[in-house]
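Dropping a prediction and its sequence here:
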Amino acid sequence: MPLSNITTLQMLDLSNNQLSGVVPDSGSFSLFTPISFNNNLDLCGPVTGHPCPGSPPFSPPPPFVPPSPISTPEGNSATSAIAGGVAAGVALLFAAPAIVFAWWRRRKPQEFFFDVPISTDTFNNKNILGRVGFGKVYKGCLTDGSLVGVKRLKEERMPGGELQFQTEVEMISMVVHRNLLHLRGFCMTPTERLLILTCC
């Protein structure tokens, strides 16, 4: 195959090889500059910058202009995918706070500590369901009408009382059984330790 027929060659460096002969100026060779053939004094042709003996003088080769990128469907789909991903991310960024706010407004109102004494008639003895290790369990009715058991731990300050309360909260919250009360909430203040349990 003649060298002038090679059309897919994109890079060539034959410098410093002591080559000789005529370098074609057609096919891929028309894209190369004299730098590709440096220090090969016996090479000639328009691409090398040295005229061949007996040939008419020539003008220097035109400057190399790289081919413009061709738009392909794959490139367009990748660009579209990136743009779509960015748009979805921005939409989610704005939608997330709205979703959280809507959930927050619709969530079930929470009972607060000041509701618990009211629900148990200020821990009246007539509402005692039973006595347990470190306190009493009172029957209570929350503002939403649900019945709860309120375990009120003894008020005396004992060493390790806070740790015992936190341990009990953790243990009760992990236990799930149909015959056991489920922990609905708890309250720990400087004067009170309360566990709010589902009842019946």
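The structure has been received and is ready for your questions. Please read all numbers here as calculations on a predicted model, not as lab measurements.

the domain parsing of this protein - what is it?
When the chain is parsed into structural domains using automatic domain parsing, the resulting residue ranges are 1-67, 115-198.

Make CSV out of those and add distance to residue 82, mean pLDDT and mean neighbour count.
(C-beta placed from N, C-alpha, C; glycine too.) Putting the domains of the chain into CSV (distance: least, CB to CB, whole Å; pLDDT from 0 to 100; neighbours: other CB atoms under 10 Å) gives the following:
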stretch, distance to residue 82, mean pLDDT, mean neighbour count
domain 1-67, 25, 76, 13
domain 115-198, 45, 76, 14
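
From residue 93, how far off is residue 101?
From residue 101 across to residue 93, the span is 14 Å (CB to CB, to the nearest Å).

circling back: can you redo the domains of the chain as CSV with distance to residue 81?
Compiled in CSV, the domains of the chain are given as follows (distance: least, CB to CB, whole Å):
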stretch, distance to residue 81
domain 1-67, 26
domain 115-198, 45
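
And the helices in this protein?
In chain order, the chain shows helices spanning 73-106, 115-119, 161-174, with DSSP state H as the criterion.

Nearest to residue 150, out of the ones you listed?
Closest of the helices of the chain to residue 150 is helix 115-119, at 5.8 Å (criterion: CB to CB).
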